[in-house]
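S.K.: What follows is a predicted protein model with its sequence.
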Amino acid sequence: MIISATEPDWEREKKVPGGYEPAKYLLSAIRNYQRLKLKTDPGAKMLSPFFVLLHRFWSAVSGADIPLNSKIGGGLMMPHPNGIVIHPEAEIGPNCLIFQQVTIGAGLKPGLPVIEGHVDIGAGAKIIGNIRIGAHARIGANAVVLHDVPGGATAVGIPAKIR
C-alpha cells in the first residue's frame, strides 16, 4: 500500500482505547489547541488554557519538544517520541514518520526545513537549516542533513549523502 504524500491519513494519529501512546496524546493536544485558536467564541477562549496544560503534561511525559503552533500535517507517527525537537516554524507534511532523538530546526543558513509528505526520519537524525526534503524520502538513523533531499531518495551519513 502506498501512503499518500498529500492526503493525511488521520487513522495514524487515532488513539487506541486503553493504550499508552504519549505521542498521540501530545498530537491530540496540539491539534485541539490549534482548532480552538481558529474559533472566536468565548467558550473556545476558556478551553484554550486546558489544552495548553495538556500539551505541557504530554510534552513532559513523552520527552518531546513540539510547540503548540507547529506546522505539522496530519497522519504524523512518532512511535518513540523521546527527544524529538521541532522548530515552531519548520513545516512537516502529511503522513510522516519520526523516530526518537530527531531534531528539525535552524542552522547556519537563514530559514527552516520544509519536509514534504510521507517522509521517514530515522532515530537521531538532524535536519538543519533552509532545506527541503522531498516526498517519500527516507532519512537514515543519525544522519545530519544539511542539503536538499529529492523526493524518493535516501539520505545517510554525517553529513548526509544521497544513496
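M.R.: Nice, thanks for sending it over. Numbers count the residues shown, from 1 in each chain.
S.K.: Let me see the mean pLDDT of the top helix by length along the chain.
M.R.: If you go by DSSP state H, the chain has its longest helix at helix 42-62. Helix 42-62 shows an average pLDDT of 91 in the prediction.
S.K.: got the contact list for it?
M.R.: 22-23, 25-26, 28-30, 32-33, 36-37, 65-66, 68, 78, 81-82 (Cβ atoms under 8 Å, 6 or more residues apart in numbering). The way it works is simple: take the backbone N, C-alpha and C, and place the C-beta from them, glycine included.
S.K.: Return the alpha-carbon coordinates of the helix or strand of the chain with the lowest mean pLDDT using PDB.
M.R.: Lowest by mean pLDDT, DSSP states H and E among the helices and strands of the chain is helix 42-62, with a mean of 91. Taking Å, rounded to 0.1, in the frame of the first residue of the first chain, the C-alpha atoms of helix 42-62 are listed here in PDB:
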ATOM      1  CA  PRO A  42     -15.800  32.800  24.400                       C
ATOM      2  CA  GLY A  43     -16.100  29.100  25.100                       C
ATOM      3  CA  ALA A  44     -13.100  28.400  22.900                       C
ATOM      4  CA  LYS A  45     -11.100  31.100  24.700                       C
ATOM      5  CA  MET A  46     -11.900  29.500  28.000                       C
ATOM      6  CA  LEU A  47     -10.900  26.000  26.900                       C
ATOM      7  CA  SER A  48      -7.600  27.100  25.300                       C
ATOM      8  CA  PRO A  49      -5.600  27.100  28.600                       C
ATOM      9  CA  PHE A  50      -6.800  23.500  29.300                       C
ATOM     10  CA  PHE A  51      -5.200  22.300  26.100                       C
ATOM     11  CA  VAL A  52      -2.000  24.300  26.800                       C
ATOM     12  CA  LEU A  53      -1.800  22.400  30.100                       C
ATOM     13  CA  LEU A  54      -2.400  19.100  28.400                       C
ATOM     14  CA  HIS A  55       0.300  19.900  25.900                       C
ATOM     15  CA  ARG A  56       2.800  20.700  28.700                       C
ATOM     16  CA  PHE A  57       1.800  17.500  30.500                       C
ATOM     17  CA  TRP A  58       2.200  15.200  27.400                       C
ATOM     18  CA  SER A  59       5.400  17.000  26.400                       C
ATOM     19  CA  ALA A  60       6.900  16.100  29.700                       C
ATOM     20  CA  VAL A  61       5.600  12.600  29.700                       C
ATOM     21  CA  SER A  62       6.800  11.900  26.100                       C
END
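S.K.: Understood, closing this out.
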